[in-house]
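In: sequence and computational prediction follow.
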Amino acid sequence: MKLYEYSAKQIFKKEGIPIPEGYMVKSSEEAGKAAQKLGRAVAIKSQVLVGGRGKAGGIKFADNSEDAQQVAQKLLSSHIKGEKVARLLVEEKANIQKEFYVSVALDRTSKKPLIMASAEGGVEIEELAANSPEKIVKYHVNPLDEFLPYEGREIARKMGVGSALISAVGGIIWKLFQVFSHYDAQLAEINPLVVTDKGVIAADAKLELDDDSIYRHKELMDLEEYQSEEFAFVKLDGDIAVIGNGAGLTLSGMDMIKLSGGEPATFLDIGGGSSEEVIKKALNLVIDHPPVKVIFLNVLGGITRADDVARGVITALAEAERKVPLVIRLTGTNEEEGQLLLKEAGISFETSMEDAAKKAVEICNSL
């Protein structure tokens, strides 16, 4: 489960990592009030679960409450990389003197947590790793041993942090590892970790948690991120969105797309008992993902009823602002009713997964 920045920052604050003062808001009026409370220049940051939002125009600045309200209104009517902006973080604009990068991730190759740190923050770590790998400090932590504060300070020294800041930066590295460990995270990242006139603070926060561990952290179930997690959705590098009712069926659909010469743009598992509303939400999600040229909906009805699927498809396509070709394989429970609904709505369908996948690739190649 990916957390929004404002949620991740609250966890960081709880664990002793300094963050800027700020407020999460859902309207331009609330943004104006938040800026007025802070009483200084503010950063207004779109809360979306995609990377690169700064480059995509998702972070703006305002000098006063009136400007903040106008900026917020524009951001709340925008999309960042296909994701609609529904909430913002309004926080004090930091007087940045220096930026660092710090993260803890699970290294599956070594089967150990990996701390990565650099004296160059605020940039894509992949870009830095490709162009200047020597600027990244890598430190594997033995999961059988305790990660101690002095190890955090040693990492700070290797980063080239000045002696006056080694204790502060090293302490935050240690605390970030505690967050990673305590919350069963797959990734805990601060980019950038900034030096300001108020000290060293986490200007940004990224936290990705293991879905299978959420039951151990009851407080996380109250987060909006948890409540909105209705299906597994992964964005990929291709241009054909693949949706299926069940992880195995979705993966099979992706394999068929690959075998037919196409490239999946998404893995989206809507689950085994999907309703008309879930089908509609899933389609809207991939329609709003810009790289998607064609949608391949692969449904084998069991608990899921084909007529519910058909109704969801018809409603979603009728309401969608962006028109994307859909290829649907629809069989199983109530398949005759579902297929009839699609036929009456002028939507073609297939009963063979192989035929549907080939058709999706053919349509994509012709666009």
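Out: Great, that's in hand. Note that the structure is predicted; figures quoted are calculated from it, not measured.
In: run a quick neighbour tally on the closest residue to residue 263 other than its chain neighbours.
Out: What sits nearest to residue 263 in space, not counting adjacent residues and going by Cβ to Cβ, 6 or more residues apart in numbering, is residue 238, at 2.8 Å. C-beta coordinates here come from the backbone N, C-alpha and C atoms, glycine included. Residue 238 has 20 neighbours, counted by other Cβ atoms under 10 Å.
In: residues in contact with residue 238?
Out: 257, 262, 263, 264, 265, 291 (Cβ atoms under 8 Å, 6 or more residues apart in numbering).
In: one more time with 10 Å
Out: Residues counted as contacts of residue 238 (Cβ atoms under 10 Å, 6 or more residues apart in numbering) are 254, 257-258, 262-266, 291-294, 364.
In: likewise residue 280?
Out: Listed by Cβ under 10 Å, 6+ apart, the contact partners of residue 280 are 311, 312, 313, 314, 315, 316, 317, 319, 320.
In: could I get the pLDDT score of the fourth one?
Out: Model confidence at residue 314, given as pLDDT, is 93.
In: burial check on the nearest residue to it once chain neighbours are set aside, number of neighbours?
Out: Residue nearest to residue 314 in three dimensions, not counting chain neighbours: residue 345, with 4.7 Å by Cβ to Cβ, 6+ apart. Counted with other Cβ under 10 Å, the neighbours of residue 345 add up to 14.
In: phi, psi for residue 345 please.
Out: According to degrees, to the nearest 10, the main-chain angles of residue 345 amount to phi -90, psi 0.
In: could you measure from it over to residue 21?
Out: 52 Å (Cβ to Cβ, to the nearest Å).
In: do residue 55 as well
Out: Taking Cβ to Cβ, one finds residue 55 at 25 Å from residue 21.
In: please say which of the two ends up with more neighbours.
Out: residue 21 (14 against 11).
In: show me the contacts for that one.
Out: Neighbours of residue 21 in contact, by Cβ under 10 Å, 6+ apart: 34, 37, 38, 40, 42, 90, 91, 92, 198, 201.
In: least confident secondary structure element in the chain?
Out: When each helix and strand of the chain is scored by mean pLDDT, DSSP states H and E, helix 224-227 comes last, with a mean of 63.
In: what's downstream of it, the next helix or strand?
Out: Downstream of helix 224-227, the next assigned helix or strand under DSSP states H and E is strand 232-235.
In: wait, doesn't residue 132 sit right on residue 124?
Out: No. Counting by Cβ atoms under 10 Å, residue 132 does not reach residue 124; the two are 11.9 Å apart.
In: low-confidence stretches in the chain?
Out: Scanning the chain with the threshold set as pLDDT under 70 gives 123, 226-231, 272-274.
In: report how many residues lie close to residue 24.
Out: By other Cβ under 10 Å, neighbour count at residue 24 equals 20.
In: from residue 221, how far out is it?
Out: In terms of Cβ to Cβ, residue 24 sits 18 Å off from residue 221.
In: kindly report the same for residue 269.
Out: 20 Å.
In: the more surrounded of those two?
Out: Using other Cβ under 10 Å, the more surrounded residue of residue 269 and residue 221 is residue 269, with 21 against 10.
In: next up, the contacts around that one.
Out: 231-234, 242-251, 282.
In: those in helices, which ones?
Out: 247, 248, 249, 250, 251, 282 (DSSP state H).
In: which among these end up buried?
Out: 249, 250, 251, 282 (16 or more other Cβ atoms under 10 Å).
In: and the next helix or strand past the strand or helix carrying residue 70?
Out: Taking DSSP H and E as the criterion, residue 70 maps to helix 65-75. Per DSSP H and E, the first helix or strand lying C-terminal to helix 65-75 is strand 79-80.
In: which residues sit against that next one?
Out: For strand 79-80, using Cβ under 10 Å, 6+ apart, the contacting residues are 46-59, 85, 288-290.
In: buried subset of those as a ChimeraX selection?
Out: Buried residues among the contacts of strand 79-80 (16+ other Cβ under 10 Å), as a ChimeraX selection:
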select :46,47,48,49,53,56,58,59,85,288,289
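In: give me the three-state assignment for the nearest residue to residue 353 once chain neighbours are set aside.
Out: Spatial nearest neighbour of residue 353, excluding adjacent residues (Cβ to Cβ, 6+ apart): residue 329 at 5.1 Å. Look at residue 329: counting by DSSP: H, G, I helix; E, B strand; the rest coil, its state is strand.
In: run a quick neighbour tally on residue 329.
Out: With other Cβ under 10 Å as criterion, residue 329 counts 24.
In: do the same with residue 92
Out: If we define neighbours as other Cβ under 10 Å, then residue 92 has 18 of them.
In: got the contact list for it?
Out: 20-22, 35, 38-43, 196, 198, 201.
In: tell me the spacing between the residue nearest to residue 263 and residue 206.
Out: Counting by Cβ to Cβ, the gap from residue 238 to residue 206 is 25 Å.
In: same check on residue 196?
Out: 20 Å.
In: cool, and residue 254?
Out: Distance from residue 254 to residue 206, by Cβ to Cβ: 27 Å.
In: now do residue 42
Out: For residue 42 relative to residue 206 (Cβ to Cβ), the value is 21 Å.
In: more crowded one of those two?
Out: Higher neighbour count among residue 42 and residue 206: residue 42, with 31 against 19, using other Cβ under 10 Å.
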